[in-house]
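**Q** let me see the structure of the following:
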Amino acid sequence: MYSESSKILISKRVGWSVPTDSLFSVEISEDNQTATSGRYVNSFHQLATVENLFFTIDENKTGESEFNKTLYSMLKEASIEVLNKVLDQHKDYDFDKDYDSEIEKYQSLFDEPLGYLLAIKSIELLVSSNRSNAVERNSKLSFQMLKMELEGVKNDNGHCISEGLNSKFYTALKNAQKKIFPKQIEIIGDSVW
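**A** Residues are numbered from 1 along each chain as shown. As a prediction, the model looks like this:
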């Protein structure tokens, strides 16, 4: 178990970068820009930008306050999902133990899974957008390329040629789990005496 403060702590590890386009009219809130790790979502994938999200979400969410709420909601939901996958779904998770101190101690372990999950969700929004504009049209034209970004590329023999975001996300989850739940040494064998 972990508290709401742990969810907020993790959600602030990775932030949304300020748009580089001077024509972008929406001001990104301070809460959404906060990145205590110094890492931003677009550092995990170059298509996971605030600008791309703005042009692919529903038009009724493109007002400044609604858009900032959407970005914050994505951060919060992704941090809850990462905590759930790293902790709750691990076979050694103890539902009666308070994990807040471990989360605070190992908070940097959550940066990679959180960043990759936000990048995945951003690209999935690009792929599934029902909005019609130039950004949406470009993403529909390159649907196969976006799917490759998410899933990676394998050759005819099934060998991985290029890792996708999903693979990087699950690798980051496993690395975090190894640190928080180290394997116990087991000696399997017959008694010597």
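
**Q** helix/strand/coil for the most centrally placed residue in the chain?
**A** In the chain, the residue lying closest to the centroid (CA atoms, centre = their mean) is Leu117, at 2.1 Å. Here Leu117 takes the helix state, with states given by DSSP: H, G, I helix; E, B strand; the rest coil.

**Q** let's number from 641 now, not from 1
**A** Noted, 641 is the first residue going forward, which turns the last one into Leu757.

**Q** ok, it touching Leu723?
**A** No. Taking contacts as CB atoms under 8 Å, Leu757 lies outside contact range of Leu723: 11.0 Å. For every residue, glycine as well, the C-beta is placed using N, CA and C.

**Q** rewinding a little: gap between the residue nearest to the centre of the chain and Leu805?
**A** As judged by CB to CB, to the nearest Å, Leu757 and Leu805 stand 9 Å apart.

**Q** Leu687 now?
**A** If you measure Leu687 against Leu805 using CB to CB, the figure is 10 Å.

**Q** anything in contact with each of the two?
**A** With contacts taken as CB atoms under 8 Å, 6 or more residues apart in numbering, the residues that reach both Leu687 and Leu805 are 759, 763, 789.

**Q** out of the residues you listed, who has the most neighbours?
**A** By neighbour count, taken as other CB atoms under 10 Å, the most surrounded of the shared contacts of Leu687 and Leu805 turns out to be Ala759 (26 neighbours).

**Q** I figured it was touching Gly804, is that so?
**A** No. Between Ala759 and Gly804 there is no contact, the gap being 10.6 Å when judged by CB under 8 Å.

**Q** just give the number of residues close to Asn700.
**A** 7.

**Q** per-residue pLDDT, it?
**A** What the model reports as pLDDT for Asn700 is 80.

**Q** then Ile825?
**A** pLDDT recorded at Ile825 is 70.

**Q** before we move on, what about Lys647?
**A** pLDDT, Lys647: 95.

**Q** that one: what's it in contact with?
**A** Contact partners of Lys647, counting by CB under 8 Å, 6+ apart, are 716, 719-720, 723.

**Q** and these, which are buried?
**A** Among these, those buried by neighbour count (16 or more other CB atoms under 10 Å) are 719-720, 723.

**Q** and those as CSV, adding distance to Leu711 and secondary structure?
**A** Below are the buried ones among the contacts of Lys647 laid out as CSV (distance: CB to CB, whole Å; DSSP: H, G, I helix; E, B strand; the rest coil):
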residue, distance to Leu711, secondary structure
Ser719, 13, helix
Ile720, 15, helix
Leu723, 19, helix
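
**Q** could you dump these into a markdown table and include distance to Ser657 and pLDDT?
**A** Shown next, in a markdown table, are the buried ones among the contacts of Lys647 (distance: CB to CB, whole Å; pLDDT from 0 to 100):
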| residue | distance to Ser657 | pLDDT |
| --- | --- | --- |
| Ser719 | 18 | 96 |
| Ile720 | 22 | 96 |
| Leu723 | 23 | 96 |
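
**Q** so what touches the helix or strand hosting Ser807?
**A** Take DSSP states H and E as the rule and Ser807 turns out to sit in helix 805-820. Outside helix 805-820, the residues within contact range by CB under 8 Å, 6+ apart are 684-685, 722, 725-727, 730, 739, 742, 746, 749-750, 752-753, 756-757, 759-760, 763, 789-792, 800.
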